[in-house]
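Chemist: Got a predicted structure plus its sequence, pasted below:
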Amino acid sequence: MPFPEPAGPPTATVPPTQCPAHTGALGAQRIYGPEARKPHALYERLRKEHGQVAPVLLPGEVPAWFVLGHRENLEVMRTPSLWSCDSRIWNVQLTGDSPLLPITAWQPLLVFADGEEHARLRAAVTDSLARFNRHGVRRYVVRYTHQLVDGFAKAGRADLVSDFAEKLPILVLARQFGIAEEDALPLGAAVRDMVKGTPTALQSNTYVVGIMSELLKRKKGKPGDDLASWLLSHESGLTDDEVVEHLRHAIVAAHENTTNLVANTLKMVLTDRRFRASLSGGSMTLPDALEQVMWDAPPLAVGACRWARQDIRLGEQDIKAGDMVMLGLAAGNVDPEIRPDLTAPVHGNRAHLAFSSGPHECPGQDIGRAIADTGIDTLLARLPDVQLDDTGDEVQVTSSLVSSRLNNLPARFTPHSAGPRNHLLGEPAVAASAQPLPQATPAAEPVASVATSPGTRSSWWSGLFRRRTH
């Protein structure tokens, strides 16, 4: 899951304390800034020097452990009796302006909960997600894919990231959450702004929280068949704050991960000749293709952190009680102990770490798969000759330890007019095409009101993410 900014102000005010295990003798490696721009090279270096678990330093020289091994990642994920999600047991305290607070500051969320509290919160989320009409989700994916393609079909060119991958998930998810369609694209733009770590990330976070707070108020007065209403009525008895926090976290995680999955898969389709030939030749289904991408380019490279409940040995390292470990999802996926040949196909193999594992495994992964699978399939059917447009901008990727985000994917294809419309929904073509999608720019008023507020700080993402051109 991505690590969005916490909704509340930071509370830690004590300078970081160095963990005794992280002395210079261990050669702890900085994994931020320039070191994070080539993550796979970093994985190899850490593995060579330290094995499957490596001592690392985060911004502010804060010590942590980075888990590189596939087996070691699963060991941490699947044994909550030894590894806690509650950051309040951390043996490091942060200053109030630490860029690590967004991923470590405790919040009333299931990702920071253990035991009975985690079971209570997770039951509310999983039960509510289970009420989604999966067939209905796919129908809306088809509908919005046609709408988006109609927006650029006549031009014969499109940026499949900004014009498609960043818009499709939020349009579908907003409907399932109970959010009005006209708010979907502005909300999606705010979410991406948050996670990219721009100077307006905190303002965008406030905008997202505002949308979810208004949604809560509306659904308390008039419930419907949507995630917000189901969370409110669940027998777990979530408080209003808990509902807002979980709606916010869910929309950020689902939108960011699904956007990256769609974009990374489309990139492979357009740039890997063997992949495209295999896909069109019938030897690889689109679900197989998605699985390959989740091995090679998972939507999120680093999972939520854990903290050791006691002194314990992991890999070849002695971890102290209260130490933080970072789950290397992408690193575990390329562990040579399980994938000695990275060029070998992994069709049908779901042993990847893209959705984590154990009690904190991503509860909405099938929804993300459905959006990506159906959306890409529909797009390729509409644009059968789509190919990378190598006459303009080069493909750019923001690479970091946390994720590898595709910034653009210029494509060209034979121009054509609007094609078949929402027949799966029973909607006439004229009615559908007469409903233009809203603009993606978030409403200016909430952002402007926060821009001048005291205490505004830049997101930690800006320190970890750096753009490089491929």
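Modeler: Looks like it came in fine. Residues are numbered from 1 along each chain as shown.

Chemist: Can you check the pLDDT for the residue nearest to the spatial centre of the chain?
Modeler: Nearest to the mean C-alpha position of the chain, by Cα atoms, centre = their mean, lies Asn257 at 3.1 Å. According to the prediction, Asn257 has pLDDT 93.

Chemist: Likewise for the one 3 residues further on?
Modeler: What the model reports for Asn260 is a pLDDT of 93.

Chemist: tell me how far the helix or strand where it lies is from the chain's mean position?
Modeler: Element membership of Asn260, judged by DSSP states H and E, is helix 240-271. Between the centre of helix 240-271 and the centre of its host chain there is 5 Å, according to Cα atoms, centre = their mean, to the nearest Å.

Chemist: Mind listing what's buried along it?
Modeler: For helix 240-271, the neighbour count (16 or more other Cβ atoms under 10 Å) marks 242-270 as buried. Where you see a C-beta, it was placed from the backbone N, CA and C, and this is true even at glycine.

Chemist: what separates Val346 from Val293, distance-wise?
Modeler: As for Val346, its distance to Val293 is 10 Å (criterion: Cβ to Cβ, to the nearest Å).

Chemist: And Tyr140, by the same measure?
Modeler: Distance of Tyr140 to Val293, computed by Cβ to Cβ: 23 Å.

Chemist: same question, Ala304
Modeler: Separation of Ala304 from Val293 (Cβ to Cβ): 21 Å.

Chemist: what residues are up against the closest residue to Ala330 other than its chain neighbours?
Modeler: Nearest-residue entry for Ala330: Ala301, 3.8 Å, with adjacent residues in sequence omitted and distances by Cβ to Cβ, 6 or more residues apart in numbering. Taking Cβ atoms under 8 Å, 6 or more residues apart in numbering, we find Ala301 in contact with 39, 328-331, 400-404.

Chemist: Please produce TSV containing those residues, extended by distance to Phe66.
Modeler: Below are those laid out as TSV (distance: Cβ to Cβ, whole Å):
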residue	distance to Phe66
Pro39	11
Gly328	6
Leu329	11
Ala330	11
Ala331	8
Ser400	13
Leu401	8
Val402	12
Ser403	15
Ser404	16
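
Chemist: Those residues in helices, which ones?
Modeler: Using DSSP state H, the subset of the contacts of Ala301 located in helices is 39, 329-331.

Chemist: which ones are touching the residue nearest to Pro298 when sequence neighbours are not counted?
Modeler: With Cβ to Cβ, 6+ apart as the criterion, Pro298 has its nearest non-adjacent residue at 3.9 Å, and that residue is Ala354. By Cβ under 8 Å, 6+ apart, the contact list for Ala354 reads 294-295, 298-300, 329, 333.

Chemist: mind running it again at 7 Å?
Modeler: 294, 298-299, 329 (Cβ atoms under 7 Å, 6 or more residues apart in numbering).

Chemist: Return the member of those residues nearest to Phe152.
Modeler: Using Cβ to Cβ, Pro299 comes nearest to Phe152 of these, at 24.0 Å.

Chemist: For Gln365, which non-adjacent residue is closest in space?
Modeler: Of all residues not flanking Gln365 in the chain, Phe355 sits nearest, at 4.4 Å (Cβ to Cβ, 6+ apart).

Chemist: ok, Tyr140 and Val293, which is more surrounded?
Modeler: Val293 (25 against 22; other Cβ atoms under 10 Å).

Chemist: Double-check that that one belongs to a helix.
Modeler: Yes. Assigned with DSSP: H, G, I helix; E, B strand; the rest coil, Val293 falls within a helix.

Chemist: and it, what pLDDT?
Modeler: What the model reports for Val293 is a pLDDT of 91.

Chemist: Neighbour count added to the contacts of Ala301, as CSV?
Modeler: Shown next, in CSV, are the contacts of Ala301 (neighbours: other Cβ atoms under 10 Å):
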residue, neighbour count
Pro39, 22
Gly328, 31
Leu329, 25
Ala330, 26
Ala331, 29
Ser400, 26
Leu401, 24
Val402, 25
Ser403, 27
Ser404, 20
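
Chemist: residues in contact with the residue nearest to Gln29 when sequence neighbours are not counted?
Modeler: Counting by Cβ to Cβ, 6+ apart, the nearest residue to Gln29 once its immediate chain neighbours are dropped is Val56, at 5.4 Å. Taking Cβ under 7 Å, 6+ apart, we find Val56 in contact with 28-29, 31, 64-66.

Chemist: List the backbone torsions phi and psi for Val56.
Modeler: phi -140, psi 160 (degrees, to the nearest 10).

Chemist: State the distance from it to Trp106.
Modeler: 22 Å.

Chemist: do the same with Ala351
Modeler: From Ala351 to Trp106 the distance is 31 Å (Cβ to Cβ).

Chemist: where do the strands sit along the stretch 201-350 of the chain?
Modeler: For the stretch 201-350 of the chain, strands defined by DSSP state E, counting those that start in this stretch occupy the ranges 306-308, 312-314, 317-319, 324-327.

Chemist: would you say Arg120 is within a strand?
Modeler: No. Counting by three-state DSSP, Arg120 is not found in a strand; it is helix.

Chemist: isn't it right next to Gly237, touching?
Modeler: No. In this structure, Arg120 is not within contact of Gly237 by Cβ atoms under 7 Å, at 8.1 Å.

Chemist: Which stretches in the stretch 151-300 of the chain count as helices?
Modeler: Secondary structure of the stretch 151-300 of the chain (DSSP state H, counting those that start in this stretch): helices at 168-177, 181-196, 201-221, 227-233, 240-271, 273-281, 286-296.

Chemist: and Thr42, what does it touch?
Modeler: Heads up, residue 42 is Leu, not Thr. Leu42 neighbours (Cβ under 7 Å, 6+ apart): 31, 35-36.
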